[in-house]
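Asks: Provided below for reference: sequence and predicted model.
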2 protein chains.
Amino acid sequence: MVKQADQIKEIVREIIARKQEKGGVKSLYFVGCGGSYGALIPAKIFMEKECTTIRSALISSNEFVHNTPEDFGENSIICLSCHKGNTPETIAAAKLGKEKGAAVIVLTWLSESEIIPCADYVVQYEFDASPDHLEGKIDYAGEKTLCAVMIAAEVVNQTEGYANYDDLQEGLTLITDVIRRARAQVGERALAFAEEYKDDSFIYTMGSGAGYGAAYMESICIFMEMQWIHSGCIHTGEFFHGPFEVTDHSSPFVIQIGEGSTRALDERALAFLRTYAKRVEVLDAKELGLSVIKASVVDYFNHSLFNNVYPIYNHALANARRHPLATRRYMWKVPY
Amino acid sequence: MVKQADQIKEIVREIIARKQEKGGVKSLYFVGCGGSYGALIPAKIFMEKECTTIRSALISSNEFVHNTPEDFGENSIICLSCHKGNTPETIAAAKLGKEKGAAVIVLTWLSESEIIPCADYVVQYEFDASPDHLEGKIDYAGEKTLCAVMIAAEVVNQTEGYANYDDLQEGLTLITDVIRRARAQVGERALAFAEEYKDDSFIYTMGSGAGYGAAYMESICIFMEMQWIHSGCIHTGEFFHGPFEVTDHSSPFVIQIGEGSTRALDERALAFLRTYAKRVEVLDAKELGLSVIKASVVDYFNHSLFNNVYPIYNHALANARRHPLATRRYMWKVPY
């Protein structure tokens, strides 16, 4: 049993009960910035796909604050992700939630921080705080991305019912072993990747569906933020409608081949890259063992798998480039 | 009066009347690929912001087909954008709409094409088909992006009411003059831009809110597809949560400063770039005259303005690089 699962079920139960007299829960907003935005993508896709009654959106924190949805208020839940609880834009969004009478759930890592008093409910998620996230001893089902999926699943299940609820719970018990094995499996190829790509000035990432967030995070948080490598994140379904024209023998691509509904999109993009590109790193969820999770819910686990396999690559790349992942020139250093 | 406005009002009226006996309209999906995906972003943002009852999402065509929302059916409207009516993924999504009993609206340029028989309703939009879109004689309010916004606004207005409906209609009568003046205004600076950036191998675009789609389209359809320049599109609200670490004196950025709710996000990113970057091209909607449109609705016109000012830059860039915008190496040329 995931540590956070019971707590999340109870939080959602309480919110739904409290909102009953006000007309019920009508909207569920996911709000965060950067990596905390990307980590909410699986939950957003879950709501788009599985929910038939409640409005939902994923909005970057400062955009949410400046362009708040009209219906945001007493009938809303806002689920914010804020790693250390000190991101000003996300704190502002949480405060707005309080003011408007929304139920404010904060997903965070630390038990004490500036955002905590702005929350009605706090879920402390699992996080591998070891150097370069290499230790791998946590229960990955308790990470922020799956906590957000659990919130979405509880909201749907406790209002209109969610047919694959038990499959999802089963998936949560399986994902940690899948990730641990996959991380061991890519050790050699991560070293080769680092050697091959260490001098590149830009690298694309690619993905689709509920796994797209992991590609987005690798692009903006690792390549751009932590390695100062230029990058863009391409949706594999959008690839053939513009982006693919940049493909040549020198352009580097890291592509996720997801397991589940949108795998066909990823495979099609890969087939093209195999023909017209020469420098392609493939992370294939099927080959990495994700198929032990039931097809009905496997989509929602791609992100966790990819996002936790990347650290093996990132550590190797940072070593090969002699550019430690913790190096920053602006973040937390200059006013912005 | 925009040519398409009456037709769209009538289409939405008919759909709402027909769906009444089935329980009403419960979801509105916007579906397209590439430029036709980007052009739907203002309508998506409109639904997220202004609508309080109907579920909505923007999904790339092939993802929609492979991971179709559970509720997609008799209570849904699907609004597809398909320029020449021959995009296989979008045709497949339209067919799925027919099968599932959704109301299928197709926004398209040509009166005859493969997608036409898959539509319940066809809206033929305005499009400047002159070389490099330089002629500028069309009514820009009738372009696909504002047709989609009109559909969203009609759906909201005819179901729950939309307080700024008249302001939006007024904006539609003003946008063409704003765009024409802005296109003339940037002539000189577009030539200077082309000279400065003609040898760059990558260029970032940046934007936010309902104008983000124009930045996305410039990145994937122009820089990547038509100029084979590497690119990524950065949301100005996300910039400080990772991407900004790539900023240096050599990295090129094209940044949209929108008019309306999310202008503060764009201005903040620009202030940073002014300090730490050296090569920044600014498109400022306020300076380009967009503020004649009322603040209540101006957000939804940023996309049209930027997307129609870019052609002046694109033509100059293509000339300076001796790489005509129509050049392709894969699109329509090889199997994919």
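Replies: Yes, it's here.
Asks: let me see the domain layout of chain A.
Replies: Here the domain parsing of chain A from automatic domain parsing is A:3-162, A:171-321.
Asks: right, is the first one up against chain B?
Replies: Yes: under the criterion of CB under 8 Å from any CB of the partner chain, domain A:3-162 makes contact with chain B via A:26, A:33-37, A:45, A:48-57, A:59-63, A:66-71, A:87, A:89. Yep, even glycine has a C-beta here, placed from its N, CA and C like the rest.
Asks: helix/strand/coil for the residue lying closest to residue A:170 once chain neighbours are set aside?
Replies: What sits nearest to residue A:170 in space, not counting adjacent residues and going by CB to CB, 6 or more residues apart in numbering or on different chains, is residue A:294, at 6.7 Å. In three-state terms, and counting by DSSP: H, G, I helix; E, B strand; the rest coil, residue A:294 is coil.
Asks: could you verify my assumption that residue A:294 touches residue A:173?
Replies: No: with contact taken as CB atoms under 8 Å, residue A:294 and residue A:173 are classed as non-touching, separated by 11.7 Å.
Asks: how long is stretch A:49-56 end to end?
Replies: Terminal residues of stretch A:49-56 are spaced 11 Å apart (CA to CA, to the nearest Å).
Asks: which residues touch it?
Replies: A:25-30, A:44, A:47-48, A:71, A:152-153, A:155-156, A:159-160, A:162, A:164, A:299, B:26, B:51-56, B:67-71 (CB atoms under 8 Å, 6 or more residues apart in numbering or on different chains).
Asks: now the helices: where do they sit in chain A?
Replies: All helices of chain A, identified by DSSP state H, fall at A:3-20, A:35-38, A:41-50, A:61-66, A:88-100, A:144-159, A:165-185, A:187-197, A:212-217, A:263-276, A:302-321.
Asks: and those as a markdown table, adding mean neighbour count and mean pLDDT?
Replies: A markdown table is the format used below for the helices of chain A (neighbours: other CB atoms under 10 Å in any protein chain shown; pLDDT from 0 to 100):
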| stretch | mean neighbour count | mean pLDDT |
| --- | --- | --- |
| helix A:3-20 | 17 | 97 |
| helix A:35-38 | 27 | 98 |
| helix A:41-50 | 26 | 98 |
| helix A:61-66 | 25 | 98 |
| helix A:88-100 | 20 | 98 |
| helix A:144-159 | 26 | 98 |
| helix A:165-185 | 18 | 98 |
| helix A:187-197 | 16 | 98 |
| helix A:212-217 | 28 | 98 |
| helix A:263-276 | 19 | 98 |
| helix A:302-321 | 24 | 98 |
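Asks: any idea which of those gets closest to residue B:326?
Replies: helix A:263-276 (19.9 Å; CB to CB).
Asks: ok, and what's touching that closest one?
Replies: Contacts for helix A:263-276 (CB under 8 Å, 6+ apart): A:206-209, A:236-237, A:239-240, A:244, A:247-248, A:253, A:255-258, A:280, A:282, A:285-286, B:62-63, B:66, B:330, B:334, B:336.
Asks: related to what we said a few turns ago, mind putting the helices of chain A in a markdown table, distance to residue B:190 included?
Replies: Converted to a markdown table, the helices of chain A look like this (distance: least, CB to CB, whole Å):
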| stretch | distance to residue B:190 |
| --- | --- |
| helix A:3-20 | 52 |
| helix A:35-38 | 33 |
| helix A:41-50 | 36 |
| helix A:61-66 | 29 |
| helix A:88-100 | 34 |
| helix A:144-159 | 43 |
| helix A:165-185 | 49 |
| helix A:187-197 | 35 |
| helix A:212-217 | 31 |
| helix A:263-276 | 32 |
| helix A:302-321 | 37 |
